[in-house]
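Trainee: Everything below, folded, please.
(2 chains)
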Amino acid sequence: MADTVSSPDVRTILDARGYRAALEWTARRAEAFVIPLAAMVVGMVLFSLFILAVGKSPVQLYETMWRGGFGSWFSIQNSLSRGAPLLLAALCVALPARLGLVVIGGEGAIVLGGVAAAAIGVALNGAPSFLVILLMGVGGAAAGGIWIGVVGALRHYRAVNETISSLLMAYIAIALMNHLVEGPLRDPASLNKPSTQPLADIYRIGNIPGMEVHWGLVVGILACVLSWLLIEKTRWGFAARIAGGNVRAAQVQGLAVGPLIVGFTALAGGFAGLAGMLEVAAVQGSANGSLAAGYGYTGILVAFLARHNPLAIIPVAILLGGIDASGGLIQRRMDLPDATVLVLQGMLFIVVLFSETFYGRLKLFNPDLWQRPHFLKGNV
Amino acid sequence: METTDIGLWGVPLAMLGGAIRVSTPFIFVSLGEAITERSGRINLGLEGTLVFGAMSAYAIAVMTGSPWLGLLAAALAGLCFGLFHGWICKFPKVNDIAIGIALMLFGTGLAFFFGKPFIQPSAPDLPAIPFGNWSDIPQVQAALNVNVLFLIGAALAVFLWWAFRNTRVGLIVRVVGDSADAARAMGLNPNTVRLLATGVGGALAGIGGAYLSLYYPGSWTERISSGQGLMAVALVIFARWNPLGCFAAALLFGGAGALGPALQSVGVTQGYYLFYAAPYILTLIIMIATSSPSRTLAGAPGELSITK
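Mentor: Okay, the predicted model is just below:
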């Protein structure tokens, strides 16, 4: 072996190959960064035109948005708080997406996770706080996990389209929450806004020391990092990526696709359920209609913007948390409806999905053209 | 309206009336989605189109005083949304399901943005025909007070059922939906056919939205649609892409949706919210019962991503 490696011909070839691989790697990374960023910029430009068309100043709007989202330590903390549930809600979309599934009903898992956590917290009143909080988390994750796991099972074993079934399940979950909160679990003292009994203070989750942001942010970031490790570094993640590419190929390889799909969707739902638990334990103090605040739907946008990469979810969720947080300031300062941020989100979403069409088609990211610029070499 | 005591008969009667009242948006959205899906594409954005249609119909009706102009505005707005979906989905690697979700978000966002000033004023309603005037019982009269759009929707379902089988346009849409290659061999451009089919589907969804804001419940609020646009997608699958089936399924959904209010009117208030979930549960059960992992659904267009 040694003499073949030392042979100059082979070495040249290997070097060329290494060089080629490095070029391709760089090109792929550049593509994965530049295209989404360019799409965001284009989306913001289009939104500027929209704002101009309704007679307001886009410059003032983006300035207000920056101030409301990231302009001060106060607004940054606000953005982080709003981004925290989005981290978990986005995982509920991103993990099944790795298997090629489009699950859009995370809202249902959030709502049921919150109700389950509140029921546990009230039922176990008097028990040690660490135990109750732990059980609330487990219960919330289990409720959400079962809900989305069923969607995955229906998909694999009955070929029921997961996009529609998850959405129907979300509507059913919200009806179930309304039933429980208005009926069996209702606190008679909650008059105008039906809620479950409030959690005792010792079962509430507090803020990260030195910040006005609750511990849910840490839980969310941890969940994203663990999900990334699961997908990129474990054999289950590897199997999931194969199954996501081609189910038949995965089955031919002997992979247990059914358990894989149910496992991944259940984990995804578990994260969303955990988001509901955190919303109850850290923000609301009880389960009520505010649980269906649309985090599940914004989570879809976050996951797609992050191209279903759990690590990319972290900055994107905080960015969208910032956009959400600035909504109020935009409404007050610029006399625009609160739906303004919804329009921006919709535009960004469309442009980012549209940008998928450019992957692999732009000359800018073609290593051949880096090596040998055609305008220098003439016709090849 | 005074109530005459007709006891438990009130429940089926209220469900019949409810079915007629509630089903109309389902009829229009599902017929529109049936046309789109028959051409081989799926549009989940019809939910956003429905909400935007409801808002634009209401706004135009308030401003002009004519509900019919409002209806026209909703249809035009829906056409634009549909054409946009059709245009953007023709590019390679663009996922029609995901674009639908994005358009759903965008349509609702735009509707809330422009609809804010119209939450207070009241718009003229679309007219209804009182088929129940022969009866002295107010409940019967209420149940048989049928809006013209319901009748138009019923006629449209029959027409589309006939047109898919017997017209050249119907054949073109079906061929494009079943095999893009076969369509190209016939000299058709699948993208153009799908663009137009999605446009027409959007226009019908807009009309469905106009019915919501201009007749039942008859006002514009941000909670006007509780997923009717999306349930229509499931309904089309249940109806096997058959327009007559869409009409029947829409009636069934309307009846299921009216179950909760009907029971409440006779004093059953327990589990109100669970009855409210009845249409969603029904849809899910139907989808589970009719799907199968071993074969594609009977009647499914071959090019449809959702059943492949």
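Trainee: Report the closest residue of the stretch 101-250 of chain B relative to chain A.
Mentor: The nearest approach of the stretch 101-250 of chain B to chain A comes at B:Phe106, 2.8 Å away (Cβ to the nearest Cβ). Glycine gets a C-beta too; all of them are placed from N, C-alpha and C.
Trainee: Model confidence for that residue, exactly?
Mentor: In this model, B:Phe106 is scored at 95, pLDDT.
Trainee: ok, it - contacts?
Mentor: B:Phe106 makes contact with A:Val343, A:Gly346, A:Met347, A:Phe349, A:Ile350, B:Gly45, B:Gly48, according to Cβ atoms under 8 Å, 6 or more residues apart in numbering or on different chains.
Trainee: Give the single residue among those positioned nearest to A:Gly263.
Mentor: A:Phe349 (28.4 Å; Cβ to Cβ).
Trainee: Just give the closest residue to the closest one, not the sequence neighbours.
Mentor: B:Ala102 (3.9 Å; Cβ to Cβ, 6 or more residues apart in numbering or on different chains).
Trainee: secondary structure class for that neighbour?
Mentor: With DSSP: H, G, I helix; E, B strand; the rest coil as the basis, the three-state label of B:Ala102 is helix.
Trainee: Over to A:Phe74?
Mentor: A:Phe74 ends up helix, using three-state DSSP.
Trainee: Enumerate every residue touching it.
Mentor: A:Glu212.
Trainee: got it, and A:Thr163?
Mentor: A:Val102, A:Val103, A:Ile104, B:Leu44, B:Ile97, B:Ile306.
Trainee: So it versus B:Ile42, what's the distance?
Mentor: In this view, A:Thr163 and B:Ile42 are 9 Å apart by Cβ to Cβ, to the nearest Å.
Trainee: Over to B:Leu244?
Mentor: From B:Leu244 across to B:Ile42, the span is 21 Å (Cβ to Cβ).
Trainee: ok, now A:Ile202?
Mentor: 50 Å.
Trainee: of these two, who's got more company?
Mentor: Of the pair A:Ile202 and B:Ile42, B:Ile42 is the one with more neighbours under other Cβ atoms under 10 Å in any protein chain shown, namely 29 against 13.
Trainee: isn't the more buried one right next to B:Asp96, touching?
Mentor: Yes: assessed by Cβ atoms under 8 Å, B:Ile42 is found in contact with B:Asp96 at 5.6 Å.
Trainee: and for these two, which residues touch both?
Mentor: Contacts common to B:Ile42 and B:Asp96, judged by Cβ under 8 Å, 6+ apart, are B:Ser305.
Trainee: Would you mind listing what in the stretch 201-308 of chain B touches chain A?
Mentor: B:226-227, B:230-231, B:233-234, B:237, B:270-274, B:276-277, B:280-281, B:283-284, B:287-288, B:291-293, B:306-307 (Cβ under 8 Å from any Cβ of the partner chain).
Trainee: change it to 6 Å
Mentor: B:227, B:230, B:233-234, B:273-274, B:276-277, B:280, B:283-284, B:287-288, B:291, B:293, B:306 (Cβ under 6 Å from any Cβ of the partner chain).
Trainee: residue in chain A nearest to chain B?
Mentor: For chain A, Cβ to the nearest Cβ, closest residue to chain B: A:Gly346, 2.8 Å.
Trainee: Count the residues that sit near that residue.
Mentor: Counted with other Cβ under 10 Å, residues neighbouring A:Gly346 total 26.
Trainee: Which of the helices or strands spans it?
Mentor: Taking DSSP states H and E as the definition, A:Gly346 sits inside helix A:340-355.
Trainee: got the contact list for that helix?
Mentor: The contact list for helix A:340-355, computed with Cβ atoms under 6 Å, 6 or more residues apart in numbering or on different chains, reads A:35, A:39, A:42-43, A:46-47, A:301, A:305, A:323, A:327, A:330, B:88, B:98-99, B:102, B:105-106, B:109-110, B:113.
Trainee: and those, which of them are in helices?
Mentor: A:35, A:39, A:42-43, A:46-47, A:301, A:305, A:323, A:327, A:330, B:88, B:98-99, B:102, B:105-106, B:109-110, B:113 (DSSP state H).
Trainee: doesn't B:Pro12 make contact with B:Ala143?
Mentor: No: using Cβ atoms under 6 Å, B:Ala143 is not in contact with B:Pro12; the gap is 9.5 Å.
Trainee: Quick check: which element contains the closest residue to B:Ala278 other than its chain neighbours?
Mentor: Counting by Cβ to Cβ, 6+ apart, B:Ala278 lies nearest to B:Ala256, which is 4.4 Å off, once chain neighbours are set aside. Using DSSP H and E, B:Ala256 sits in helix B:243-265.
Trainee: OK, contacts around A:Ala127?
Mentor: Counted by Cβ under 6 Å, 6+ apart, A:Ala127 has zero contacts.
Trainee: If you could redo that for B:Met15, that was the one I meant.
Mentor: Contacts of B:Met15 by Cβ under 6 Å, 6+ apart are B:Gly255, B:Ala258, B:Ala262.
Trainee: With distance to A:Ile146 and pLDDT added, can I get those residues in CSV?
Mentor: Below are the contacts of B:Met15 laid out as CSV (distance: Cβ to Cβ, whole Å; pLDDT from 0 to 100):
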residue, distance to A:Ile146, pLDDT
B:Gly255, 30, 86
B:Ala258, 30, 81
B:Ala262, 32, 78
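Trainee: Now rank the residues you listed by neighbours and give me the top one.
Mentor: Counting neighbours by other Cβ under 10 Å, the top entry in those is B:Ala258, with 26 neighbours.
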